[in-house]
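Engineer: Provided below for reference: sequence and predicted model.
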Amino acid sequence: MQLSDYIKLYPNTYSIDECKKLLDDLAKKEWEKHSWYDPDAGTHTKESDPFVVDCHDFPLNPVMNKIGEYVKDLVLYPPIVKKLSYPRANQYRQGCEMAVHNDHIHDIFDNNSGIPTLSIIVMLDEDYQGGELVYEFKDGDLSFKLRSGDVIIWPSLFMYPHRVNKVTEGVRTSIVTWAY
């Protein structure tokens, strides 16, 4: 198997109506700039970072169902997942992007409850340009233009460096969560 075989896209996991309702709910929240920790420089933000907001009430049952399919499709030996982190919304406005990184972060959870096993993105909209999710592999990049309701799942390992390309038009809103 190739590393890319462990990246699974599940289209239309959430309906367009569900996505619109979630976007309406998120529009009422206060967004702040994404910040991240660099061991050499401490916590900081970049002008091009997305905006974020916690959304603990996001309905995760469809995501859990897709994780079950993921484990079955890849013939993985459960239990590889005990819990999901609290979901967070990422909003990429024009000019926003996410620099290349991996999600194999030891302190990603506030309660030090583990290291992420799987990374999950739920796309809520698609009326934007740019904003592709790109995995950087030694033998070439793998790019996804996610659509409303899509869920994508991949291992949170160091072997999956990924980025979100700069949004050039519109707004790209997604939900991110990690399984551990």
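Structural biologist: Cool, the structure landed. Numbering: from 1, shown residues only.

Engineer: what about residue 25, which SS state?
Structural biologist: Of the three states, residue 25 takes helix under DSSP: H, G, I helix; E, B strand; the rest coil.

Engineer: measure it to residue 89 for me?
Structural biologist: Using Cβ to Cβ, to the nearest Å, one gets 10 Å for the distance from residue 25 to residue 89. Just so you know, the C-beta spots here come from the backbone N, C-alpha and C atoms, and that holds for glycine as well.

Engineer: anything in contact with each of those two?
Structural biologist: Residues touching both residue 25 and residue 89 (Cβ atoms under 8 Å, 6 or more residues apart in numbering) are residue 55.

Engineer: so for those two, which sits in the more crowded spot?
Structural biologist: Neighbours per residue (other Cβ atoms under 10 Å) separate residue 25 from residue 89, with residue 89 holding more: 23 against 13.

Engineer: quickly find the element holding that one.
Structural biologist: Element membership for residue 89, per DSSP states H and E: strand 88-92.

Engineer: what are the pairing partners of that strand, and which direction each?
Structural biologist: When sheet partners are counted by DSSP bridges, strand 88-92 sits next to strand 51-54 (antiparallel), strand 172-179 (antiparallel).

Engineer: in this structure, which helix or strand is least confident?
Structural biologist: Ranking every helix and strand in the chain by mean pLDDT, DSSP states H and E puts strand 36-38 at the bottom, with a mean of 70.

Engineer: and the helix or strand just after that one, what other elements does it pack with?
Structural biologist: If you walk from strand 36-38 toward the C-terminus, the next helix or strand you reach (DSSP H and E) is strand 42-44. Secondary-structure packing of strand 42-44 (3 or more Cβ pairs under 8 Å, 6 or more residues apart in numbering; DSSP states H and E): strand 36-38.

Engineer: kind regards, and thank you for your time.
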